[in-house]
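Engineer: Okay, sequence plus prediction incoming.
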Amino acid sequence: MTTTGRVSFVGAGPGAADLITLRGARRIAEADVVIWAPSVVDAECVREHARSDADLVDFSRVTAEEITDVYRRAAASRQTVVRLHAGDAATGGGVQEQHDLCVRLGLEVDVVPGVSVVAAAAAKIGREITLTEASSTVLISPESSELVREFAALQTTMAATVSGARTGQFVEKLLQGGYSEQTPVVVAYKVSQSDELVVHTTVGELESVVKQHKLYRPTLFLVGAAVKAPTRRVSTSATTAVDEP
């Protein structure tokens, strides 16, 4: 128990229960209340680390005012609260507004960064997405951004989370910005989880790939030369495939 009550915004990582940080796991173990959404954070991540007497609050089943009430009770009763966010809590997920609210309520507040879905996707495909010869910057575009066309004009690697229903508009903006139809794209859905889907495609084929796999929910797209799948050749002295240097 703290002297004033504490709220920790914890990045749970891209989905796999074992990709949460040690600090994040420790915050969960200390918490009187854990707020999380089962649809985006692996239940095992909570079951493994939360105390048996902790109050588990399903974020998808409560209103914003009810969450505020949890924070108020924490301030009044000196409780510790963890708000679990998918990916990295330090770079998105609406943390800022909640952070500032908790400060106004007089709570101690900290943010525990996590493994981002972008980092997990890049690791999965074995690509260094900030290679100098391919890109100088990774630009993360929110789904609602109107700047995709402008970002595309920079010809850097783009990481964008887009609803499947808007893939057509996304592709149109990429082409308008200067990417060709042959530009490599990686589709990464639920990366690191048991039902993950990671597909290499191109800008020209992206919409059909999304429809083929029925990806209606927000999905991460990595776009640019840096995410091109490595060329493979068959060794003349062996039957196993090896990467080109």
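Structural biologist: Arrived safely. Numbering: from 1, shown residues only.
Engineer: switch to C-alpha atoms for all contacts and neighbour counts from now on
Structural biologist: Fine.
Engineer: Now do residue 127 against residue 86, distance only.
Structural biologist: Residue 127 is 22 Å from residue 86, where distance means C-alpha to C-alpha, to the nearest Å.
Engineer: which residues of the protein score low on pLDDT?
Structural biologist: Low-confidence segments of the chain, defined by pLDDT under 70, span residues 1-2, 93, 131-145, 232-245.
Engineer: Neighbour count: residue 127 and residue 86, which is higher?
Structural biologist: Counted by other C-alpha atoms under 10 Å, residue 127 and residue 86 do not tie: residue 86 has more neighbours, with 24 against 16.
Engineer: The more buried one and residue 42 touch, don't they?
Structural biologist: No. Look at residue 86 against residue 42 with C-alpha atoms under 8 Å: they stay out of range, at 9.1 Å.
Engineer: anything in contact with each of those two?
Structural biologist: Shared contacts of residue 86 and residue 42, defined by C-alpha atoms under 8 Å, 6 or more residues apart in numbering, are found at residue 15.
Engineer: Residue 219: what's it in contact with?
Structural biologist: By C-alpha under 8 Å, 6+ apart, the neighbours of residue 219 are 161-164, 187-190.
Engineer: try it again with 6 Å
Structural biologist: Residue 219 makes contacts with 161-162, 189, as judged by C-alpha atoms under 6 Å, 6 or more residues apart in numbering.
Engineer: list the buried ones in the helix ranked longest in the chain?
Structural biologist: Ranked by residue count under DSSP state H, the longest helix found in the chain is helix 64-77. By neighbour count with 16 or more other C-alpha atoms under 10 Å, helix 64-77 contains the buried residues 67, 70-72, 74-75.
Engineer: With distance to residue 195 added, can I get these in CSV?
Structural biologist: Below are the buried residues of helix 64-77 laid out as CSV (distance: C-alpha to C-alpha, whole Å):
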residue, distance to residue 195
67, 30
70, 33
71, 34
72, 38
74, 36
75, 39
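Engineer: Tell me where this structure has helices.
Structural biologist: Assigned by DSSP H, the helices in the chain fall at 22-30, 43-49, 64-77, 95-104, 117-125, 148-153, 167-177, 206-212.
Engineer: among these, which is nearest residue 14?
Structural biologist: In terms of C-alpha to C-alpha, the element of the helices of the chain nearest to residue 14 is helix 117-125, at 4.8 Å.
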